[in-house]
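**Student:** need a structure here:
(chains A, B, C and D)
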There are 2 protein chains.
Amino acid sequence: MRALSDPTRRAIFERIASSRETSVGALTQHARVSQPAVSQHLKTLLEARLVIARREGRNTYYRAQPRSLEPLAAWLQQYERIWTQRIDRLDSYLQDMQRKEKRRARKR
Amino acid sequence: MRALSDPTRRAIFERIASSRETSVGALTQHARVSQPAVSQHLKTLLEARLVIARREGRNTYYRAQPRSLEPLAAWLQQYERIWTQRIDRLDSYLQDMQRKEKRRARKR
DNA sequence: CAAATACATAAGTAATCACTTATGATTTTG
DNA sequence: CAAAATCATAAGTGATTACTTATGTATTTG
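**Tutor:** From the prediction side, this is the model:
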């Protein structure tokens, strides 16, 4: 999560993910920072296993490893469950109130 | 995402989310940092709208607002799609290879 | 009403971060 | 083989961050 928290780095990751494979030069072209900065971001993405690198001649091609997003997805799902559970509880609470209201109406 | 990138702050958020409502004191008890540090983390969680605060007497109760995780979930889903698409392509490629192999076997 | 409690804010600090320029290592090209 | 190209690493720097202690502000309690 820390690896993706920086906007520049996240943009780099997104560009890698949206193309099958990208060279450092291509990434630098679209980034607003210098080539060394891009390389440094790539290093932290590598360490987070969010990308893998393949050297070919004097180029290095990076590709995304979205599998590494799975822990984050799992973490999130946990809270989506809690979230929908809360909504369910609210729903049943409201339905309960409606039933009680109808009963009160009948008594009148 | 930046608000959740710090482990201490994330732990605080998790504790808030797992209980319906929590006071600052209760959070401080389980955190490994001082009470002011907890309050500061709560402030950034508030600014990220990941929690809401309710003052009651001299206590402040925090509760999670998991709805704010939705943008992050949406961002993630995008890459899960890419990921499964890639797997599908790999699958069909392997199946294709298998078919070709069978044809070669028949010719022998 | 004075002391205690619960929390927030202020101020200061060491560590980390994202960037820069300079340079190194390797590979291709003319 | 020298020059160019591609990328990584080194070193330095300003900004940000996560924390601390000290203090302020309400609110409750004895």
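
**Student:** neighbours of the closest residue to DNA strand C within chain A, how many?
**Tutor:** For chain A and DNA strand C, the shortest gap (CB to the nearest atom of the strand) falls at A:G57, measuring 2.8 Å. C-betas here are computed from N, CA, C, even on glycine. Neighbourhood size, A:G57 [other CB atoms under 10 Å in any protein chain shown]: 5.

**Student:** can you pull out the helices in chain A?
**Tutor:** Along chain A, counting by DSSP state H, helices occupy A:7-18, A:24-30, A:35-47, A:70-107.

**Student:** residue contacts, A:R2?
**Tutor:** By CB atoms under 8 Å, 6 or more residues apart in numbering or on different chains, the contact set of A:R2 is A:A48, B:S5.

**Student:** likewise for the one 5 residues further on?
**Tutor:** With contacts defined as CB under 8 Å, 6+ apart, A:P7 has no neighbours.

**Student:** hmm, try it at 10 Å
**Tutor:** Applying CB atoms under 10 Å, 6 or more residues apart in numbering or on different chains to A:P7 gives the contacts B:M1, B:R2.

**Student:** so how far is B:Q98 from it?
**Tutor:** For A:P7, the distance to B:Q98 (CB to CB, to the nearest Å) stands at 44 Å.

**Student:** out of the helices of chain A, which is the most enclosed?
**Tutor:** helix A:7-18 (a mean of 18; mean count of other CB atoms under 10 Å in any protein chain shown).

**Student:** how about that helix, does it reach DNA strand C?
**Tutor:** Yes. Judged by CB under 7 Å from any atom of the strand, helix A:7-18 comes into contact with DNA strand C at A:T8, A:R9.

**Student:** does any part of that helix sit near DNA strand D?
**Tutor:** No. Judged by CB under 7 Å from any atom of the strand, helix A:7-18 stays clear of DNA strand D, getting no closer than 11.0 Å.

**Student:** next, the angle helix B:70-107 makes with that helix.
**Tutor:** Orientation of helix A:7-18 against helix B:70-107 (axes from the mean of the first three to the mean of the last three CA atoms, to 10 degrees) gives an angle of 30 degrees.

**Student:** that's all I had, so thanks and see you.
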